[in-house]
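S.K.: this one's structure only:
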């Protein structure tokens, strides 16, 4: 079976007067349809690892395969195209455009990809908002809804291009316990109902514990 993600001997060194090795030969795999949390203390290298696994950082040693394709060595244009087609991102802050409606925010990645007519994109975006329980917020400005609703709109945006892998960098870091639970249930549903792979970095031990598997990073190594 093809893995959703396969990383082999990933190493990352930050240069400077005193070079610092942030990642020390990490190897890991994620199965299709798996929900995995990466945990570890601040400064352990978990966010650095996520940025490499998401192809946003290419200055590393080792080999990375995503969705059966080797992405290590690809050009920035190739990686940008790959991300648009295969990866979705949810961050600690929602990064919605405040003067656009929720529906417009969700549509943006699909409009950039340009693979579907605008009417179909709008329909898909509305369906994603309904799926995530914020369909009634579609015509409201993103700045006029609650923080929990904003994060759900951000998840809808991450799903609009039907990515194989959804990656989250502290996706519940700004949320209270109730909304954290809602987001976790949404991620779990995305895995269960649509077969997506979810990979998140989190400081929240309860969130991590409820996922399928926890990968702990300690001093740049997988524990």
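M.R.: Sure, I can see it. In this text the structure is predicted, and so the values were computed from the model without any measurement.

S.K.: what's the closest non-adjacent residue to residue 129?
M.R.: The shortest distance from residue 129 to any non-neighbouring residue, by CB to CB, 6 or more residues apart in numbering, is to residue 135 (4.6 Å). For every residue, glycine as well, the C-beta is placed using N, CA and C.

S.K.: Also residue 150?
M.R.: residue 94 (4.4 Å).

S.K.: which SS class is that neighbour?
M.R.: coil (DSSP: H, G, I helix; E, B strand; the rest coil).

S.K.: So which elements touch the helix or strand bottoming out on mean pLDDT in the chain?
M.R.: Using mean pLDDT, DSSP states H and E, strand 221-222 stands out as the lowest-scoring helix or strand of the chain, at a mean of 90. Contacts defined by 3 or more CB pairs under 8 Å, 6 or more residues apart in numbering; DSSP states H and E place strand 221-222 against strand 20-30.

S.K.: The residue nearest to residue 150 against residue 151, yeah?
M.R.: Yes. Residue 94 lies in contact with residue 151 (CB atoms under 8 Å); the separation is 5.4 Å.

S.K.: centroid residue for this structure?
M.R.: residue 167 (1.7 Å; CA atoms, centre = their mean).

S.K.: Tell me what that residue is bridged to.
M.R.: Following DSSP bridges, residue 167 is listed with bridge partners residue 89, residue 199.

S.K.: In contact with it, which residues?
M.R.: Residue 167 sits next to 50, 53, 54, 87, 88, 89, 90, 198, 199, 200 when contact means CB atoms under 8 Å, 6 or more residues apart in numbering.

S.K.: Which pLDDT does the model give it?
M.R.: On pLDDT, residue 167 comes in at 95.

S.K.: Same check on the one 5 residues further on?
M.R.: Residue-level confidence at residue 172 comes out at 89, pLDDT.
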